[in-house]
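>>> got a predicted model here, sequence first, then my questions.
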Amino acid sequence: MSPSILGSVLGRLPKQTDPNVLVGFDTGDDAGVYLISPDVALVQTVDFFTPIVDDPYTFGEIAATNSLSDVYAMGGRPLTALSIVGFPNSGKDLDMLEKILQGGLAKMQEAGCSVIGGHSIADDEIKFGYAVTGVADPNRVLTNQGARPGDRLVLTKRLGTGVISTALKQQKARQTDVEASIESMRTLNRAGSETAREFDVHAATDITGFGLLGHAHAMALASKVSMVFDHKQIDFLPGALEYSRQGFFSGGLKNNMRFLEGCLEFDESVPQEIRSLMVDPQTSGGLLLVVSDKDASALVASLRERGVPANQVGSVIEKTSPLIRVI
């Protein structure tokens, strides 16, 4: 759904009054967090979508990775998952459904997360994902509200999954570019999350449907700060810039751009293809970590040592207008 439509509905709902709700839907965070004991909090999230690749096993892997990502973004450890399946009721192509489930299960096992059940409905359009429950230290939960002026912005993974997926649907994407995108989408954010906990990280979010700048906007709004991004420090997947120039975008990009009107400013030096990629919806994207200036370089170095692509891509400043600026 468009972030503006979703926000308008959620904004009319009553706020949670349970004191054990540490993070609810009112802050637009990645997952809900509920206090169980002084040392343990539950982290809960749900995510599912339609296929973005042709191979059913790979689709299952990507759907699972994407579903787990919100728990990792909160600094949590996933424990259990319930599968969510929408599949045609014709009784045909059951091998395809089995492969989707196998791919998802394999990725959940890699994450150390037990699939303990699920729910299915008859649907002409295939959909798949998970509701995931994890745990976190309630005193070290990473929300989108902790960014402080002077902090640095660190981004893991490369941008471009959205535009490559759109080019693939139109049979215009090179196979090597698709393979690089798939490898990124099926890579867990576990290493990024675990590494972040070793440093002075104040806030985090994962980059998915609202794009890099859409999720940054939510974080800036919740933290009452502004953010400045340096477009030259952002890495893109192979082929992403080319497909962006050619206009291979989903409707989600237009929704995201409309939502950010008045809140986002690009310097004239920022090429149009990069502007689009910074707003383009991502699938199973990386983490945007807000870290103290003193720890930023060490965090990036540690992430790279663990095989996680990472760059310093910007900084946090005092709240001003617009909330997000790209130089």
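Yep, that arrived.
>>> and Asp95, how many neighbours?
9 (other C-beta atoms under 10 Å). Glycine gets a C-beta too; all of them are placed from N, C-alpha and C.
>>> pLDDT score assigned to it?
On pLDDT, Asp95 comes in at 94.
>>> find the nearest non-adjacent residue to Ala131, please.
Val46 (4.1 Å; C-beta to C-beta, 6 or more residues apart in numbering).
>>> next one: Tyr130
Tyr130 sits nearest to Ser67 (C-beta to C-beta, 6+ apart), 3.9 Å away.
>>> swap in Thr187?
Thr65 (6.9 Å).
>>> ramachandran angles for the residue nearest to Ala131?
Torsion angles at Val46 (phi, psi; degrees, to the nearest 10) stand at phi -140, psi 140.
>>> pretty sure it contacts Tyr130?
Yes: Val46 is within contact range of Tyr130, at 7.2 Å (criterion: C-beta atoms under 8 Å).
>>> the more surrounded of those two?
For Val46 versus Tyr130, neighbours defined as other C-beta under 10 Å are more numerous around Tyr130 (27 against 16).
>>> doesn't that one belong to a helix?
No: assigned with DSSP: H, G, I helix; E, B strand; the rest coil, Tyr130 falls outside any helix and is strand.
>>> beta partners of it?
Counting by DSSP bridges, Tyr130 is bridged to Asp47, Ser83.
>>> quick one, what contacts the closest residue in space to Pro149 that isn't next to it in sequence?
Of all residues beyond its chain neighbours, the one nearest Pro149 is Glu318 (4.9 Å), with distances taken as C-beta to C-beta, 6+ apart. Counting by C-beta atoms under 8 Å, 6 or more residues apart in numbering, Glu318 touches Pro149, Val225, Ser226.
>>> same thing but at 10 Å, please
Glu318 is in contact with Arg148, Pro149, Gly150, Lys224, Val225, Ser226, counting by C-beta atoms under 10 Å, 6 or more residues apart in numbering.
>>> filter these down to the buried ones.
Taking 16 or more other C-beta atoms under 10 Å as the criterion, what is buried in the contacts of Glu318 is Val225, Ser226.
>>> was I right to think the residue nearest to Ala131 contacts Val132?
Yes: contact between Val46 and Val132 holds when scored by C-beta atoms under 10 Å: they sit 7.4 Å apart.
>>> which parts of stretch 44-59 are buried?
44-49, 51-53, 56-59.
>>> out of these, who's nearest Ser83?
Checking the buried residues of stretch 44-59 against Ser83 by C-beta to C-beta gives Phe48 as the nearest, at 8.9 Å.
>>> what's the closest non-adjacent residue to that closest one?
Using C-beta to C-beta, 6+ apart, the closest residue to Phe48 is Gly129 (2.5 Å).
>>> how many other residues sit next to the one you found?
Residues near Gly129, counting by other C-beta under 10 Å: 24.
>>> for Ile52, see how far away it is.
12 Å (C-beta to C-beta, to the nearest Å).
>>> need the residues touching each of these two.
With C-beta under 10 Å, 6+ apart, Gly129 and Ile52 have common neighbours Ile62, Ala63, Asn66.
>>> just the buried members of the residues you listed?
Using 16+ other C-beta under 10 Å, the buried ones in these are Ile62, Ala63, Asn66.
>>> make CSV from the residues you listed and add secondary structure and distance to Glu242 to it.
As requested, these are exported to CSV (DSSP: H, G, I helix; E, B strand; the rest coil; distance: C-beta to C-beta, whole Å):
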residue, secondary structure, distance to Glu242
Ile62, helix, 22
Ala63, helix, 27
Asn66, helix, 25
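>>> between the residues you listed, which is nearest Val178?
Looking across these and measuring by C-beta to C-beta, the closest to Val178 is Ile62, at 12.1 Å.
>>> low-scoring pLDDT stretches of this structure, where are they?
Along the chain, the model assigns pLDDT under 70 to residues 1-4.
>>> which residues of it fall in strands?
Here the chain has its strands, by DSSP state E, at 21-23, 32-37, 40-49, 77-87, 114-122, 127-136, 152-156, 201-206, 225-229, 264-266, 287-291, 310-318, 324-326.
>>> and Ala218, which of those is closest to it?
Taking those one by one with C-beta to C-beta, strand 201-206 is closest: 7.0 Å.
>>> in the closest one, which residues are buried?
So for strand 201-206, counting by 16+ other C-beta under 10 Å, buried means Val201, His202, Ala203, Ala204, Thr205, Asp206.
>>> between those, which sits nearest Val279?
For those, the nearest to Val279 is Thr205 (15.1 Å; C-beta to C-beta).
>>> so the closest one touches His215, yeah?
Yes: in this structure, Thr205 is within contact of His215 by C-beta under 10 Å, at 4.9 Å.
>>> cool, thanks, signing off.
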